[in-house]
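> Mind looking at a prediction? Sequence and model below.
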Amino acid sequence: MTKTPLQFRHNGRDVAVFVDGGVNLLVALRELIGDMTPKFGCGQGGCGACSVLIDGELHLSCLTLAETVNGRAVETLDGLKDGPNLHPLQRAFMEQFAAQCGYCTPGMLMAAKALLDRNPSPTRAEVIETISGNICRCTGYEPIINAVLAAASGGRARA
């Protein structure tokens, strides 16, 4: 099988790899780039664990052909933090106990980031709609919703 050259920006850094035709972005990120933060959940786009931002828009990396991100910017959970400093969403998830087993956390955080980037003051209903594509079996969603609202308010108010 012919390998295809792929160049894109990954968390602010230019990367270049060769991918097999038909390989999805999740595999490229995990196996070729070494970014293990997008998780393999269902492999069918139903759980949201593999969510990433492509040019600022939320995408399921398990359903995205790697070749389609050529020349684009891909952001994963690993790109949220600034060195040792957590992103406000990560801090809010910690303070609101929004991560239990942690498997859904990368996808939840990326969905929440996409929301807050386009709407810094979302309503509770908008947060619920945004995370509706992500399955969490541990928290019952309330701590996650509260964390997103707390991050949106700059942590000034408990959601």
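Alright, I've got the coordinates.

> Domains in this structure, by residue range?
4-77, 88-155 (automatic domain parsing).

> what residue is smack in the middle of the protein?
Using CA atoms, centre = their mean, the residue of the chain that lies closest to the mean C-alpha position is residue 110, 2.9 Å off.

> pLDDT on the longest helix seen in the chain, on average?
Longest among the helix segments of the chain by residue count, using DSSP state H, is helix 105-118. Helix 105-118 shows a mean pLDDT of 97.

> Then stretch 20-29?
On average, stretch 20-29 scores 96.

> Buried residues of that stretch, list them for me.
23, 24, 25, 26, 27, 28, 29 (16 or more other CB atoms under 10 Å). Placement of C-beta: from N, CA and C, glycine included.

> again, but for stretch 99-108
Judged by neighbour count using 16+ other CB under 10 Å, the buried positions of stretch 99-108 are 99, 103, 104, 105, 106, 107, 108.

> With respect to residue 54, which of the residues you listed is nearest?
residue 107 (14.0 Å; CB to CB).

> Quick one: residues contacting that closest one.
38, 39, 41, 47, 48, 49, 50, 51, 134 (CB atoms under 8 Å, 6 or more residues apart in numbering).

> Serialize those residues to CSV and add fields for secondary structure, neighbour count and pLDDT.
Listed next are the contacts of residue 107 as CSV, based on DSSP: H, G, I helix; E, B strand; the rest coil; neighbours: other CB atoms under 10 Å; pLDDT from 0 to 100:
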residue, secondary structure, neighbour count, pLDDT
38, coil, 25, 98
39, coil, 21, 97
41, coil, 21, 93
47, coil, 22, 96
48, coil, 24, 97
49, coil, 24, 97
50, coil, 28, 98
51, strand, 31, 98
134, coil, 24, 95
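
> which residues touch the closest residue to residue 19 other than its chain neighbours?
With CB to CB, 6 or more residues apart in numbering as the measure, residue 66 is the residue that lies nearest to residue 19, at 4.6 Å, once sequence neighbours are left out. By CB under 8 Å, 6+ apart, residue 66 lies in contact with 6, 19, 23, 24, 25, 27, 28.
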